[in-house]
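Student: Predicted model, plus sequence, below.
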Amino acid sequence: LNADEDGIAPSNGIASSPEELCKNFDIPVRQQQDSQEFWKLLLPALNVRKLTDLYRGSYEDYIVAADGTNREKRGEEPFLDLSLGITNRNSIGESLADTFGTPELLSDEEGNGWRPEKGADKVDALKGQLLRARGLPSLL
């Protein structure tokens, strides 16, 4: 395969083995992977922006102190796929709401409080993830 910004084309019409394909894209050959794991390695290795942009998205991870001090930590997390729980869910919407809905309470009293700065006391905090429309891939 030849991959460039315009797409993917056969290199010479001769089929190659999966091992050769993996070696050409620096994907570990002898490492066990399911199709999802292989896709997550192959997609960036192909370096075809149009294809990657179909799947690329991002969500925001956050931790916010619950003491009203406005101390927080936020970061954007890129993804090529989302793993959603489906057990006891009636729709993808329910799975998305469960994953990106109600934040988790980190409680100092329960021993899992958040330390906002090095050396600071642990505080209660809300930890969660936000998925915004601007972070969604065009193919979802």
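Tutor: All right, it came through fine.
Student: Could you list which residues are in contact with residue 98?
Tutor: Neighbouring residues of residue 98 by C-beta atoms under 8 Å, 6 or more residues apart in numbering: 84, 85, 89. Every C-beta, even on glycine, is put in place using the N, C-alpha and C of the backbone.
Student: ugh, wrong one, I meant residue 107
Tutor: Going by C-beta under 8 Å, 6+ apart, residue 107 touches 113, 124.
Student: tell me which residues of stretch 60-80 are tucked away?
Tutor: 62, 63, 64, 65, 66, 71, 80 (16 or more other C-beta atoms under 10 Å).
Student: And stretch 45-63, by the same measure?
Tutor: Buried residues in stretch 45-63, defined by neighbour count with 16+ other C-beta under 10 Å: 46, 48, 51, 55, 56, 57, 59, 62, 63.
Student: Can you give the distance of that stretch from its chain's centre?
Tutor: In this view, stretch 45-63 has its centroid 8 Å away from the chain centroid, taken as C-alpha atoms, centre = their mean, to the nearest Å.
Student: Can you give me the end-to-end span of that stretch?
Tutor: End-to-end span of stretch 45-63 (C-alpha to C-alpha, to the nearest Å): 33 Å.
Student: Stretch 57-76 now?
Tutor: In stretch 57-76, first residue to last residue: 10 Å (C-alpha to C-alpha).
Student: Same question for stretch 120-129.
Tutor: Termini of stretch 120-129 sit 24 Å apart (C-alpha to C-alpha).
Student: what about that stretch, average pLDDT?
Tutor: Computed over stretch 120-129, the mean pLDDT rounds to 95.
Student: Could you tell me whether residue 67 really is in a strand?
Tutor: No - per DSSP: H, G, I helix; E, B strand; the rest coil, residue 67 lies outside any strand segment and is coil.
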